[in-house]
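Enquirer: can you look at this prediction? I've put the sequence above it.
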Amino acid sequence: MIKRTILKIFFVISLFSPLVVLAGGSFSNMYVFGDSLSDTGNLASITQPFPNPPFYMNRVSNGPVGVEILASSLGLTADASLHLIGPAVGTNYSVAGAHAAGDTAIDLPTQINLFLANNGGAAPADALYVVFIGGNDIRSARDEADKDQRKKIIKLAVHSIDIQLRTLIGAGARSIIVVNSPDIGGIPETQLIAAAIGDEEIPEETTELTKKFNKKLAKSIRKIEHQLGVDIVDFDVFSFFNSIRKNDEALGFTNSKNACFSQATSSFNPDCNFGARFGKFIFFDEIHPTERVHERTGRAIFAVVPVPVE
């Protein structure tokens, strides 16, 4: 409860002011595992040509993503590992489209396995590890008509993250941040699906799926901490994103519901003026946030970075 209260205080502070919070020491590297919210070029390495602007340098956004802001604040980088095409050259193993539970080349288990393979089976104790994944699993659950199958998808996603966290810790990782899922019920894609099929309950149902995922993930993290004696920072991006939406006007956003750019139609929202007003939109496209939201998220996570292990 104390940890949650502290995080909520940081949420409020980081929303409205730049933070300068220095960790007690320095990390050797920052390794990232996740999906399109963190990918800095891995999917692009196997899907060339990647979309041109408004996509920023192989990111699914109009600028740097949150983990890059975090890395920069720590004096590190979050460059794409490019592990899908050869030996890793960067420390960010995130791949757009990845699921927490899955056995494809881009999913979380493979990301962790290839990271360990590229590091001799060891996870350096003096590095920071960020695991930010689960949104695509929730989207899959949303699109599943059978409610029992929805529950199974959520359960498998959390179970997979649990296994991979234990794998990292077993290999030596000690400084870990786990980011939960933003509200998939509130993204433009979910709203559009609901409108297309005439089911107004889909957004609320998807929000509940997101909450279930996040609750199970938090419970899993607490269990790992208790059993393995490792303190894990669980960053509540669900609450943070919702705080941005609730305070949109105060933060200078004029549109908190629609995508500036539609991937489905390859067109801009008229109010976004062909991308000139990206800074006024919370959503870059039907799923992903804009650079300004990523920037605030990166700073907020930086505020709760654990002290490096010496």
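Expert: Good, I have the coordinates. Remember, it's a predicted structure, so these values are computed and weren't measured experimentally.

Enquirer: who's in contact with L76?
Expert: 27, 29-30, 91, 128 (CB atoms under 8 Å, 6 or more residues apart in numbering). For glycine as for every other residue, the C-beta is placed from the backbone atoms N, C-alpha and C.

Enquirer: name the member of these with the most neighbours.
Expert: L128 (28 neighbours; other CB atoms under 10 Å).

Enquirer: per-residue pLDDT, that one?
Expert: The score at L128 is 98. That number is its pLDDT.

Enquirer: again with P51
Expert: According to the prediction, P51 has pLDDT 81.

Enquirer: center of this protein - which residue?
Expert: Nearest to the geometric centre of the chain sits F132, at 4.1 Å (CA atoms, centre = their mean).

Enquirer: helix or strand right after the helix or strand of the chain with the lowest mean pLDDT?
Expert: Sorting the helices and strands of the chain by mean pLDDT, DSSP states H and E puts helix 2-16 at the bottom, at a mean of 48. Where DSSP states H and E defines the elements, the next helix or strand beyond helix 2-16 is strand 30-34.

Enquirer: what's in contact with the following helix or strand past that following strand?
Expert: Past strand 30-34, further along toward the C-terminus, the next helix or strand under DSSP H and E is helix 66-73. For helix 66-73, contacts defined as CB under 8 Å, 6+ apart pick out 30, 32, 34, 37-38, 40, 77-78, 92, 94, 130, 132, 294-295, 297-299, 301-302, 305.

Enquirer: next step: those restricted to helices.
Expert: By the criterion of DSSP state H, membership of those in helices covers 294-295, 297-299, 301-302.

Enquirer: need the residues you listed in CSV (columns: distance to H99 and pLDDT).
Expert: What follows is the ones in helices among the contacts of helix 66-73, written out as CSV (distance: CB to CB, whole Å; pLDDT from 0 to 100):
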residue, distance to H99, pLDDT
H294, 21, 98
E295, 26, 98
T297, 21, 98
G298, 23, 98
R299, 28, 97
I301, 22, 97
F302, 27, 97
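
Enquirer: closest one to D162 out of those, please.
Expert: Distances from these to D162 were compared by CB to CB; the smallest belongs to I301, at 20.9 Å.

Enquirer: D35 versus that closest one, what's the distance?
Expert: As for I301, its distance to D35 is 16 Å (criterion: CB to CB, to the nearest Å).

Enquirer: cool, and G75?
Expert: Applying CB to CB, the value for G75 to D35 is 25 Å.

Enquirer: higher neighbour count, these two?
Expert: Neighbours per residue, other CB under 10 Å: of G75 and D35, the larger number sits with D35, 28 against 10.

Enquirer: doesn't G102 make contact with that one?
Expert: No. Judged on CB atoms under 8 Å, D35 makes no contact with G102 at a distance of 10.7 Å.

Enquirer: who touches D148 in this structure?
Expert: Taking CB under 8 Å, 6+ apart, one finds nothing in contact with D148.

Enquirer: of the ones in helices among the contacts of helix 66-73, grab the buried ones for ChimeraX.
Expert: Listed next is the ChimeraX selection for buried residues among these, using 16 or more other CB atoms under 10 Å:
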select :294,295,297,298,299,301,302
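
Enquirer: of the ones in helices among the contacts of helix 66-73, which pair is most distant in space?
Expert: Distances among the ones in helices among the contacts of helix 66-73 were taken as CB to CB; the most separated pair is H294 and F302, at 12.5 Å.

Enquirer: in the longest helix seen in the chain, what's buried?
Expert: Secondary structure assigned by DSSP H gives helix 202-228 as the longest helix of the chain. Neighbour counts over helix 202-228 (16+ other CB under 10 Å) mark 202-203, 205-207, 209-214, 216-218, 220-221, 224-225 as buried.

Enquirer: poorly predicted segments of the chain, please.
Expert: 1-25 (pLDDT under 70).

Enquirer: what residue of it is the furthest out?
Expert: Relative to the centre of the chain, the most outlying C-alpha is that of G198, 29.4 Å out, by CA atoms, centre = their mean.
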